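Peer 1: Next input, structure requested:
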Amino acid sequence: MKIIIIGGVAGGMSAATRLRRLMEDAEITIFEKGPFVSFANCGLPYYVSGEISKREDLLVQTPESLKARFNLDVRPFHEVISISPAEHTVTVRHDGQEFTESYDKLILSPGAKPFVPAIEGLAEANNTYTLRNVPDLDEIMAALDNHPKEAVVIGAGFIGLEMAENLAKRGLQVTIVEKAPHVLPPLDHEMAAFVQAELVKNGVRVITSQSATRFEDQGKIIVLENGQKITSDLTILSVGVEPENGLAKAAGIELGLRGGILVDEHYETSQKDIFAVGDAIVVKQEITGQDALISLASPANRQGRQVADVIAGLGHTNKGSIGTAIVRAFDMTAASTGLSERILRMNQLPYKALHVSGKDHAGYYPGATDMILKLLFDPTTGKIYGAQGIGKKGVDKRIDILATAIKGNLTVFDLPELEFTYAPPFGSAKDPVNMLGYAALNLIEGLSDNIQWYQLEDELAKGKKFLDVRTSSEFQSGRLKVDTIHIPLNELRERLDELDKNQAYIVSCHSGLRSYIAERILKQAGFTVQNLDGAYSLYKMANPEGVEYGN
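Peer 2: Numbering: from 1, shown residues only. As a prediction, the model looks like this:
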């Protein structure tokens, strides 16, 4: 069998090497229009700062190593310019010459390309760059040799934040411009607020709810939609990606969501014997069942392996993806899996949200750091829709656990039952993931009722009273700008007569644990109570204007 793969990196090379392990006699050729067929594209931003010090470390495999180990015919600088599905041939351009190659099976792995918006003056700008591959990186490094002082990153998604961090570590003054109301749009507002605070703490200027509308002076001046002008010696465009679909479209292959290549459960396109994998294809969002574009390395690698299995006759199918991702911003880690609150509202799915604060390991063991986890779930069935986490350490472990729970169709009822390795340097006897489960069960079973930070104003407007149960010193150091009754938790039982059983209350503490205890005391005494989820610590990050400090 003669198999041609167009494009390498994650999807294409995973398919090629798996095919060889399954089909020793197959003729496997990989055409790559660029110089490198196998490189660590997720590592590119870290070379900018020198955290990855050797350029060759980014080059995972070479045509020679792939030939020696897997007997693959890897041809860099070979651009496939057209596909003829009826004839089962491709036309390839190399070194100014064109030739035709036939195939029995064809795998498209073109990936996604940076989306470059139509901005006035962009064509004349000589200091703007995108980052997709090693040649892009080389251009950015050459620009950095000119010792720019001010850099602007347009777009605050995962790659945008990585570039902002690494440019700042290199010594540049960095500004991030993001069209959405907050950085990291895949996260919800209150979780992203912690990341934004970390960026600002490290000297990065963050401008949100704005986009670039014009470049002036060959890109040295960027004009925002509100008329503000910012200067830039070097600009990174990181406003998102779009499927690289030119070949597929010209070959008559059906396209779907935002130009993504449509494939069936076996990764076959609308043209027989042509398959597609990676960032260019439309996948099923596994939780909603809807079409989605999920440009992540892990799904691309999995898809490459699975399409090889399909071609080799194994019965594996494409189950879809849930979108699990992580990013580091200086000392802060932010990760997410599944659906956010925004997406749940868009899909009109019934859900409950809760936040749990915890430590990455036992609090009494040295070096413990804080983390906040957010869980989104169906309040009736306990189905887990998604999760988000922020913190210095241990966030990856917890989000990976929750992503596995989603993939395994576990519910919130299963989370308290999960058993983790425990010793003080590694975790807690009741892990934050277990605590998410306990808190979710309390909501489902009616032991607790919460409201979110953005609901507080409306709930108070309905006549509910706000009760703060933190200590006096905590209350004096900072509090919400609302009419507040202050009764420390340890005094609550003795001061119940100061409260009115005909009055509904919203109770809050620092993180939500003490307020839950207060909620249980009050409910069992006949009061109507709701808990402010995440309490003071979350509210002050999400709505800093709503907090006042000092006596």
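
Peer 1: Beyond the helix or strand encompassing residue 397, next helix or strand please.
Peer 2: Following DSSP states H and E, one finds residue 397 within helix 395-407. Sequence-wise, the next helix or strand downstream of helix 395-407 (DSSP H and E) is helix 432-444.

Peer 1: Now do that following helix, average pLDDT.
Peer 2: Average pLDDT, helix 432-444: 98.

Peer 1: Could you list every helix and strand in contact with the helix holding residue 397?
Peer 2: Helices and strands touching helix 395-407, by 3 or more Cβ pairs under 8 Å, 6 or more residues apart in numbering; DSSP states H and E, are strand 324-329, strand 332-338, strand 370-377, strand 384-391, helix 432-444. (Glycine included, C-beta is placed from N, CA and C.)

Peer 1: Using CSV, lay out the ones you listed together with mean neighbour count and distance to residue 93.
Peer 2: Shown next, in CSV, are these (neighbours: other Cβ atoms under 10 Å; distance: least, Cβ to Cβ, whole Å):
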stretch, mean neighbour count, distance to residue 93
strand 324-329, 20, 35
strand 332-338, 25, 41
strand 370-377, 24, 48
strand 384-391, 27, 44
helix 432-444, 22, 52
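
Peer 1: Would you mind giving those as CSV with distance to residue 210 added?
Peer 2: Formatted as CSV, these follow (distance: least, Cβ to Cβ, whole Å):
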stretch, distance to residue 210
strand 324-329, 20
strand 332-338, 21
strand 370-377, 26
strand 384-391, 24
helix 432-444, 35
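
Peer 1: Over to stretch 207-214 now: how far is its first residue from its last?
Peer 2: With Cα to Cα, to the nearest Å as the measure, stretch 207-214 spans 16 Å from end to end.

Peer 1: try stretch 470-485
Peer 2: 11 Å.

Peer 1: Would you mind listing the buried residues in that stretch?
Peer 2: Applying a neighbour-count criterion of 16 or more other Cβ atoms under 10 Å, one finds 470-471, 474-475, 479-480 buried in stretch 470-485.

Peer 1: As JSON lines, these with pLDDT would be great.
Peer 2: Below are the buried residues of stretch 470-485 laid out as JSON lines (pLDDT from 0 to 100):
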{"residue": "470", "pLDDT": "98"}
{"residue": "471", "pLDDT": "97"}
{"residue": "474", "pLDDT": "96"}
{"residue": "475", "pLDDT": "96"}
{"residue": "479", "pLDDT": "96"}
{"residue": "480", "pLDDT": "97"}
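
Peer 1: For the helix holding residue 397, C-alpha coordinates in PDB please.
Peer 2: Extracted in PDB, the C-alpha atoms of helix 395-407 (Å, rounded to 0.1, in the frame of the first residue of the first chain):
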ATOM      1  CA  VAL A 395      -3.100  22.600  39.300                       C
ATOM      2  CA  ASP A 396      -2.000  20.300  36.400                       C
ATOM      3  CA  LYS A 397      -2.600  17.200  38.600                       C
ATOM      4  CA  ARG A 398      -6.100  18.200  39.600                       C
ATOM      5  CA  ILE A 399      -7.300  19.300  36.200                       C
ATOM      6  CA  ASP A 400      -5.800  16.200  34.700                       C
ATOM      7  CA  ILE A 401      -7.800  14.200  37.200                       C
ATOM      8  CA  LEU A 402     -11.000  16.100  36.400                       C
ATOM      9  CA  ALA A 403     -10.400  15.700  32.600                       C
ATOM     10  CA  THR A 404     -10.000  12.000  33.200                       C
ATOM     11  CA  ALA A 405     -13.300  11.900  35.200                       C
ATOM     12  CA  ILE A 406     -15.100  13.600  32.300                       C
ATOM     13  CA  LYS A 407     -13.700  11.300  29.700                       C
END
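
Peer 1: Next, give me the two most distant ones among the buried residues of stretch 470-485.
Peer 2: Using Cβ to Cβ, the two most remote members of the buried residues of stretch 470-485 are 471 and 480, lying 15.7 Å apart.

Peer 1: give me phi/psi at residue 274?
Peer 2: Torsion angles at residue 274 (phi, psi; degrees, to the nearest 10) stand at phi -110, psi 120.

Peer 1: That one: how many residues sit nearby?
Peer 2: Using other Cβ atoms under 10 Å, residue 274 has 25 neighbouring residues.

Peer 1: Next: residue 256.
Peer 2: Residues contacting residue 256 under the criterion other Cβ under 10 Å number 15.

Peer 1: That one reaches residue 282, doesn't it?
Peer 2: Yes. Contact status for residue 256 versus residue 282: in contact at 4.4 Å, counting by Cβ atoms under 8 Å.

Peer 1: So for those two, which residues contact both of them?
Peer 2: When contacts are counted by Cβ atoms under 8 Å, 6 or more residues apart in numbering, residue 256 and residue 282 have 262, 291 as shared neighbours.

Peer 1: Helix or strand: which one has the closest residue to residue 266 other than its chain neighbours?
Peer 2: Spatial nearest neighbour of residue 266, excluding adjacent residues (Cβ to Cβ, 6 or more residues apart in numbering): residue 310 at 4.7 Å. Assigning secondary structure by DSSP H and E places residue 310 in helix 297-311.

Peer 1: Who are the packing partners of that helix?
Peer 2: If you count contacts as 3+ Cβ pairs under 8 Å, 6+ apart, helix 297-311 packs onto helix 9-22, strand 105-108, strand 274-276.

Peer 1: can you do 10 Å?
Peer 2: Applying 3 or more Cβ pairs under 10 Å, 6 or more residues apart in numbering; DSSP states H and E, we find helix 297-311 packed against strand 2-6, helix 9-22, strand 105-108, strand 274-276, strand 324-329.

Peer 1: Could you check the first one and say which residues are buried?
Peer 2: Put plainly, it is strand 2-6. Taking 16+ other Cβ under 10 Å as the criterion, strand 2-6 shows 3-6 as buried.

Peer 1: quick one: the residue nearest the centre of the chain from residue 154, how far?
Peer 2: Taking Cα atoms, centre = their mean, the centroid of the chain lies closest to residue 325, which sits 4.0 Å from it. Distance, residue 325 to residue 154, using Cβ to Cβ, to the nearest Å: 20 Å.

Peer 1: Also residue 357?
Peer 2: According to Cβ to Cβ, residue 357 and residue 154 sit 33 Å apart.

Peer 1: More neighbours: those two, which one.
Peer 2: Taking other Cβ under 10 Å, residue 357 and residue 154 do not tie; residue 154 has more neighbours (25 against 19).

Peer 1: In terms of helix, strand or coil, where does the residue nearest to the more buried one when sequence neighbours are not counted fall?
Peer 2: Using Cβ to Cβ, 6+ apart and skipping residues adjacent in sequence, the residue nearest residue 154 is residue 177, 5.0 Å away. What DSSP: H, G, I helix; E, B strand; the rest coil gives for residue 177 is strand.

Peer 1: Quick one: residues contacting residue 177.
Peer 2: By Cβ atoms under 10 Å, 6 or more residues apart in numbering, the contact set of residue 177 is 152-156, 160, 205-212, 222, 224-225, 228, 230, 232, 235, 239.

Peer 1: Quick one, grab the pLDDT at it.
Peer 2: Looking at residue 177, its pLDDT is 98.

Peer 1: Worst mean pLDDT among the helices and strands packed on helix 297-311?
Peer 2: helix 9-22 (a mean of 94).

Peer 1: could you check the angle helix 297-311 makes with the following helix or strand past that helix?
Peer 2: Beyond helix 9-22 on the C-terminal side, the first helix or strand identified by DSSP H and E is strand 27-32. Between strand 27-32 and helix 297-311, the angle comes out at 150 degrees (axes from the mean of the first three to the mean of the last three Cα atoms, to 10 degrees).

Peer 1: neighbouring strands for strand 27-32, and are they parallel or not?
Peer 2: Applying DSSP bridges to the sheet, strand 27-32 is found paired with strand 2-6 (parallel), strand 73-76 (parallel).
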